[in-house]
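Asker: Prediction below, plus the sequence it came from.
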Amino acid sequence: MAQKPDVIFVLGGPGSGKGTQCLRIAKDFNFVHLSAGDLLREERNTPGSQFGDLIETHIRNGTIVPVEITCSLLENAMNKHSAQRAASGDSSFGAGRFLIDGFPRNLDNYEGWQKQMADKTNVRFVLYFDCPQEVCVERCLKRGQAGSGRSDDNEESLRKRMNTLLNETLPILDLCEKTGYPIKKIKAINSADEVFTDVKQLFQSYY
């Protein structure tokens, strides 16, 4: 039987530092960082994409793109990286290690992953960056003012994204744990360096 890649889901509010921490984890622990949001934005910006307008509408409204689109983009990205490693002769780290940042964000995401990807991957745990809502919003607004170029770094979109987090994402953490995906919470209110100290301790216990 072919070896399955390791997957870690990474969740947290907008501005909780998921992307920053994922870059550091990828570097120190040999993971490929796949941001569901970045893949969707890339697809939205691809000329001629049949999903571009739909994705943009969801991003602006702070709502969740249909799971079939997101799962397909994630699977394609994983297959691309695995093929590149195989072509380069790199057989280390088994079938690969992937951080999936910003997924699953609701029950539909979770069920879609179970249907399309669960048998193809080994989900080790869910990493959740726990950060107060007001801190997340402040960080995102500063990011937008600094020219992030993201259409959702504004107060209206942030309110909608926070509502999605509270009403749709947080409830599935319990479901993930019940179905064998342990939840590992990291306090994300401190500086990036302090947060990464906690993250490293967690990953060193697995890798």
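Answerer: Perfect, I can see it now. Numbers count the residues shown, from 1 in each chain.
Asker: quick one: residue 12 and residue 128 touch, right?
Answerer: Yes. At 5.9 Å, residue 12 counts as touching residue 128 under the criterion of CB atoms under 8 Å. All C-beta atoms are positioned from the backbone trio N, CA, C, and that covers glycine.
Asker: For residue 46, give its distance to residue 73.
Answerer: 11 Å (CB to CB, to the nearest Å).
Asker: of these two, who's got more company?
Answerer: Neighbour totals were compared for residue 46 and residue 73, and residue 73 leads with 20 against 12 (other CB atoms under 10 Å).
Asker: Look at that one and report its pLDDT.
Answerer: Listed pLDDT for residue 73 reads 92.
Asker: Next up, the contacts around the closest residue to residue 187 other than its chain neighbours.
Answerer: Once flanking residues are discounted, residue 187 sits nearest to residue 130: 5.6 Å by CB to CB, 6 or more residues apart in numbering. Counting by CB atoms under 8 Å, 6 or more residues apart in numbering, residue 130 touches 12, 16, 185, 186, 187, 188.
Asker: redo that, cut-off 7 Å
Answerer: 185, 186, 187, 188 (CB atoms under 7 Å, 6 or more residues apart in numbering).
Asker: Quick check: ChimeraX command selecting the buried ones in the residues you listed.
Answerer: Remark: buried members of the contacts of residue 130, expressed as a ChimeraX selection using 16 or more other CB atoms under 10 Å:
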select :186,188
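Asker: Just put the contacts of residue 130 in JSON lines and tack on distance to residue 195, pLDDT and secondary structure.
Answerer: Shown next, in JSON lines, are the contacts of residue 130 (distance: CB to CB, whole Å; pLDDT from 0 to 100; DSSP: H, G, I helix; E, B strand; the rest coil):
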{"residue": "185", "distance to residue 195": "12", "pLDDT": "96", "secondary structure": "strand"}
{"residue": "186", "distance to residue 195": "6", "pLDDT": "97", "secondary structure": "strand"}
{"residue": "187", "distance to residue 195": "7", "pLDDT": "96", "secondary structure": "strand"}
{"residue": "188", "distance to residue 195": "5", "pLDDT": "95", "secondary structure": "coil"}
